[in-house]
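A.B. asks: Below is the sequence, then the predicted model.
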Amino acid sequence: MNSAIKMNTVRIIGGEWRRRNLAFPDSEGLRPTPDRVRETLFNWLGQDLTGLSCLDLFAGSGALGFEAASRGAAKVVMVEHSPKVYAALDANARVLGAADRLQIVRADAVKFASSLRASGSRFDVLFLDPPYKQGWIERLTPVLPELLVEDGAIYIEAEHALDSCGDWKTVRNGRAGQVFYHLMRKG
């Protein structure tokens, strides 16, 4: 019996690490944001994220967090609960030599977000691409005001279209297959 973990790759599409491929393991519910959707997202946000801080609460493959760091984000915190996926994120961060900009955390997203509330840490951009049909977005909505700066943006991928998430309203959206993606700003 082969006990090797099947590895997949995701390609960084812009910035300093453009065209770099990063490996990540198969994991239930893990759906890397496709290249085309990431390109659209970073067109919406602006290609240069220099000086911004980003929080990727369901990091998974790391596609969104690594892409943000590649495009100049000063700080990217990537949160992942799965031990094997966390290990791959940590290994990829070391390969890229980006320990000064990337913080990889193994934690439950809601518990981590709640701990940030107490610390007062706030972010310019929040990436939310949680597993579908588990109520994650609804559970996180109450803590959003404490996670983001006043003019912060939220990027959400969901299994259905969203008009809003708490005080944040959808300002841009699209669909790729069964994935609905949204950029939200405070209304």
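C.D. replies: Sure, I can see it. Residues are numbered from 1 along each chain as shown.

A.B. asks: can you pull the contacts of Ala73?
C.D. replies: 49-54, 101, 125 (CB atoms under 8 Å, 6 or more residues apart in numbering). Quick note: C-beta positions are derived from backbone N, CA and C, even for glycine.

A.B. asks: let's go with 6 Å and repeat that
C.D. replies: Counting by CB atoms under 6 Å, 6 or more residues apart in numbering, Ala73 makes contact with 49, 52, 54.

A.B. asks: now do Ala68
C.D. replies: 49, 54, 76.

A.B. asks: mind checking how far Val37 is from Ala107?
C.D. replies: 26 Å (CB to CB, to the nearest Å).

A.B. asks: Okay, the spatially most central residue of the chain and Leu41: tell me how far apart.
C.D. replies: The residue lying closest to the centre of the chain (CA atoms, centre = their mean) is Asp56, at 3.3 Å. Separation of Asp56 from Leu41 (CB to CB): 12 Å.

A.B. asks: what lines up beside the longest strand seen in the chain in the sheet?
C.D. replies: When the chain is parsed with DSSP state E, its longest strand is strand 148-158. According to DSSP bridges, strand 148-158 forms sheet pairs with strand 123-128 (parallel), strand 179-186 (antiparallel).

A.B. asks: Distance to Ala88 and mean neighbour count for those - can I get that in CSV?
C.D. replies: Listed next are these as CSV, based on distance: least, CB to CB, whole Å; neighbours: other CB atoms under 10 Å:
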stretch, distance to Ala88, mean neighbour count
strand 123-128, 17, 23
strand 179-186, 22, 20
